[in-house]
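> build me a structure from this.
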Amino acid sequence: MKAIVLIKDGNPSEAFQFRDLPTPKCGANQVLIKVSHFGLNYADIMARKGLYNDRPALPCILGYEVVGEITEVGSEVSDFESGDFVIGFTQFGGYAEYCATEAMGVVKLAPGTNPAEATALATQYCTAWYAACMMVNLQKGDRVLVHAAAGGVGTALVQIAKWKGCEVFGTASNPEKLKYLKAQGVDHAINYKTHEFDTEIKAILADKRIDVAFDPIGGSNFKRTMAIVGSGGRIITFGASEWSSSKGGIIDKLKLAFGFGFMHPIGLLMKSKAVIGVNMLRIGENKPNYLKTCINEVYAHYQKGILKPTVDSIHSADDIGKAHDRLEGRGSIGKVVVKWND
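From the prediction side, this is the model:
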């Protein structure tokens with residue numbers, strides 16, 4: 001099979017190499033998927049730049065989700081059969097023509113399902129579902145702040161929050177994205193490049209505060225967000241994209257850490273605030289039943305039309321570098337997808 005192998009850190013035009021590798025063997029609790037499409041996530045950017053600690057040793061194959069057809073079923077698997085059209089979580093290994101993955105992280109797709117849309121349902125929409133519905137359980141009337149709201153996870157969080165009846169604040173970086181957020185139902189779309197988001201939100205809310213905030217940026221963004229979350233509020237941190245602009249040295253690490261600010265349990269207790277970290281790789285490893293619940297719920301709500309991923313762009317596998325550039329350049333709206341050539 002052909003695979004896109006990360007051979008070194010750095011620029012996407014130089015970091016990847018196409019290689020012919022043996023097709024993975026299917027374990028007893030796994031299925032083997034012939035991949036038609038796979039999705040990109042910001043963790044891929046971090047991994048390519050050598051800033052993601054969970055990345056396997058080089059050379060390695062990145063990728064957290066694939067869509068395609070099952071070609072082989074493990075001996076302990078009874079829910080699937082060869083020929084099923086599915087989406088599957090992959091703990092790396094997704095940038096390849098074939099991928100063996102745990103059956104618990106796989107969902108059968110209805111005939112005619114858009115495969116590019118489906119790629120967003122795994123990592124991005126399940127991250128949003130786990131954060132908003134399992135860790136927080138948003139309530140009607142909650143004032144919700146979504147950072148990077150035009151991205152894949154951001155879009156999912158906005159859709160879930162609006163479905164739950166929340167008042168949604170969303171940040172984005174340009175007028176095109178603000179227009180998109182308005183179309184998604186965001187009540188207050190804020191350009192964080194031209195306005196201080198916390199100042200804008202304080203002006204809108206007056207003496208009120210944010211109830212729930214979702215932050216994939218980290219660093220000083222987290223600290224400023226924490227200051228506008230009120231009593232009984234929660235902040236969910238699920239990334240540190242601010243880190244992607246660094247070189248990864250000790251000074252950069254200290255700068256990121258100090259940017260987050262210092263928290264003490266007593267301070268959280270006295271103000272009745274909560275900070276929740278979400279890492280879906282760890283959930284997949286340690287709580288696979290949670291992951292199964294997430295993907296089943298996400299797909300059910302996708303079928304009902306409640307959740308509707310936006311596909312930013314579809315790139316051929318030969319253009320993996322361009323796909324990475326699109327996502328890293330922060331111009332994308334929704335999901336960046338890669339398709340293997342027929």
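> got any ranges where the stretch 151-300 of the chain has weak pLDDT?
For the stretch 151-300 of the chain, applying pLDDT under 70 flags the ranges 241-263.
> where along it do the helices fall?
Per DSSP state H, counting those that start in this stretch, the stretch 151-300 of the chain carries helices over the ranges 152-163, 175-183, 197-205, 220-227, 250-260, 265-271, 280-286, 288-303.
> which of the ones you listed is buried the deepest?
Sort the helices of the stretch 151-300 of the chain by mean neighbour count, taking mean count of other CB atoms under 10 Å, and helix 152-163 sits at the top with a mean of 26. Quick note: C-beta positions are derived from backbone N, CA and C, even for glycine.
> which elements pack onto that one?
For helix 152-163, the packing partners by 3 or more CB pairs under 8 Å, 6 or more residues apart in numbering; DSSP states H and E come out as helix 123-129, strand 143-146, strand 167-172, strand 210-215.
> can you add mean neighbour count and give these back as CSV?
Below are the helices and strands packed on helix 152-163 laid out as CSV (neighbours: other CB atoms under 10 Å):
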stretch, mean neighbour count
helix 123-129, 28
strand 143-146, 27
strand 167-172, 26
strand 210-215, 25
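> reformat these as a markdown table; add distance to residue 39.
Compiled in a markdown table, the helices and strands packed on helix 152-163 are given as follows (distance: least, CB to CB, whole Å):
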| stretch | distance to residue 39 |
| --- | --- |
| helix 123-129 | 7 |
| strand 143-146 | 20 |
| strand 167-172 | 20 |
| strand 210-215 | 19 |
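> between the helices of the stretch 151-300 of the chain, which one is nearest to residue 30?
helix 288-303 (12.4 Å; CB to CB).
> dump that closest one to PDB, keeping only the CA atoms.
Taking Å, rounded to 0.1, in the frame of the first residue of the first chain, the C-alpha atoms of helix 288-303 are listed here in PDB:
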ATOM      1  CA  PRO A 288     -12.900   3.500  24.800                       C
ATOM      2  CA  ASN A 289     -16.500   3.100  25.800                       C
ATOM      3  CA  TYR A 290     -16.800   6.900  26.100                       C
ATOM      4  CA  LEU A 291     -15.400   7.200  22.600                       C
ATOM      5  CA  LYS A 292     -18.000   4.700  21.300                       C
ATOM      6  CA  THR A 293     -20.800   6.700  23.000                       C
ATOM      7  CA  CYS A 294     -19.500   9.900  21.500                       C
ATOM      8  CA  ILE A 295     -19.300   8.700  17.900                       C
ATOM      9  CA  ASN A 296     -22.600   6.900  18.100                       C
ATOM     10  CA  GLU A 297     -24.300  10.100  19.400                       C
ATOM     11  CA  VAL A 298     -22.600  12.300  16.900                       C
ATOM     12  CA  TYR A 299     -23.600  10.100  14.000                       C
ATOM     13  CA  ALA A 300     -27.200   9.900  15.200                       C
ATOM     14  CA  HIS A 301     -27.500  13.600  15.400                       C
ATOM     15  CA  TYR A 302     -25.800  14.000  12.100                       C
ATOM     16  CA  GLN A 303     -28.400  11.800  10.500                       C
END
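> thinking again about what came up before, closest one to residue 312 among the helices of the stretch 151-300 of the chain?
Closest approach to residue 312 among these (CB to CB): helix 152-163, 8.2 Å.
> quick one: contacts of the closest one?
Outside helix 152-163, the residues that touch it by CB atoms under 8 Å, 6 or more residues apart in numbering are 39, 41, 120, 124-125, 127-129, 131-133, 138, 142, 144, 146-149, 168, 170, 181, 184-186, 214, 216, 238, 301, 306-310, 333-336.
> same thing but at 7 Å, please
120, 124-125, 127-129, 132-133, 138, 144, 146, 148-149, 168, 170, 184-186, 214, 216, 306-310, 334-335 (CB atoms under 7 Å, 6 or more residues apart in numbering).
> how about residue 96, what does it touch?
1, 3, 35, 61.
> and the second one, bridged to which residues?
Yep, that's residue 3 we're talking about. For residue 3, the beta-bridge partners are residue 19, residue 96 (DSSP bridges).
> let me see the contact set for it.
Contacts of residue 3 were listed using CB under 7 Å, 6+ apart, and they are 19, 21, 61, 95-97.
> cool, the last one as well?
Under the criterion of CB under 7 Å, 6+ apart, the contact list for residue 61 reads 3-5, 92-93, 95-96.
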